[in-house]
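Trainee: Whatever this is, show me its structure:
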Amino acid sequence: MKLLHHKDLTLERWQELSFYEQMANIGSEVFRTISWRQKNPQYSQLALERALELLDLTLEAAVKSKSRLKELARLREALIDYFLFDNTFRSSDEHWQKYFGAFNYAAKNPAAKR
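Mentor: The predicted structure follows:
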């Protein structure tokens, strides 16, 4: 997979992070997407592209886990729906902040390393 925004990141290096750390990193980009949406739409768009790029790496790493793969694919679909299309899943900024906030908490909790 050729990365546009994270040129120095490899799948192997990404897989060294726990799943929670990966999701927390994706969440950071989603938080940026939300916070820049009104102030600077171009920055918001770039943050969304970075989030999707990291999510695609996580999807690639999750090939062996069908349940995780299905959830990540649905997550990608819901993010794109919310930020780029008609929000048919009825997501909200608060929803995404809570969703990814849980991964931030888990990534910082030593007992949650999986």
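Trainee: Thought E60 was touching L9, still the case?
Mentor: No. In this structure L9 lies outside contact range of E60 using C-beta atoms under 8 Å: 11.8 Å. Where you see a C-beta, it was placed from the backbone N, CA and C, and this is true even at glycine.
Trainee: Give me the residue at the spatial middle of the chain.
Mentor: I26 (3.0 Å; C-alpha atoms, centre = their mean).
Trainee: ok, that one to D86 distance?
Mentor: 22 Å (C-beta to C-beta, to the nearest Å).
Trainee: my read: the residue nearest to the centre of the chain touches L57, true?
Mentor: No. Using C-beta under 8 Å, I26 is not in contact with L57; the gap is 9.1 Å.
Trainee: Relative to E21, how far out is Q38?
Mentor: The value you get for Q38 to E21, if C-beta to C-beta is used, is 29 Å.
Trainee: between those two, which one's more packed in?
Mentor: In this view Q38 and E21 are compared by other C-beta atoms under 10 Å, and E21 has more residues nearby, 18 against 8.
Trainee: Who are the contact partners of L52?
Mentor: L52 sits next to 76, 79-80 when contact means C-beta atoms under 8 Å, 6 or more residues apart in numbering.
Trainee: Now restrict those residues to buried residues only.
Mentor: 76, 79 (16 or more other C-beta atoms under 10 Å).
Trainee: what about the longest helix in the protein?
Mentor: helix 41-61 (DSSP state H).
Trainee: in that helix, what counts as buried?
Mentor: 44, 46-48, 50-55, 57-59, 61.
Trainee: Can you tell me which of those comes closest to Q15?
Mentor: Nearest to Q15 among the buried residues of helix 41-61: A61, at 5.0 Å, using C-beta to C-beta.
Trainee: Report the separation between the closest one and R68.
Mentor: Using C-beta to C-beta, one gets 9 Å for the distance from A61 to R68.
Trainee: And for K108?
Mentor: Per C-beta to C-beta, K108 is found 21 Å from R68.
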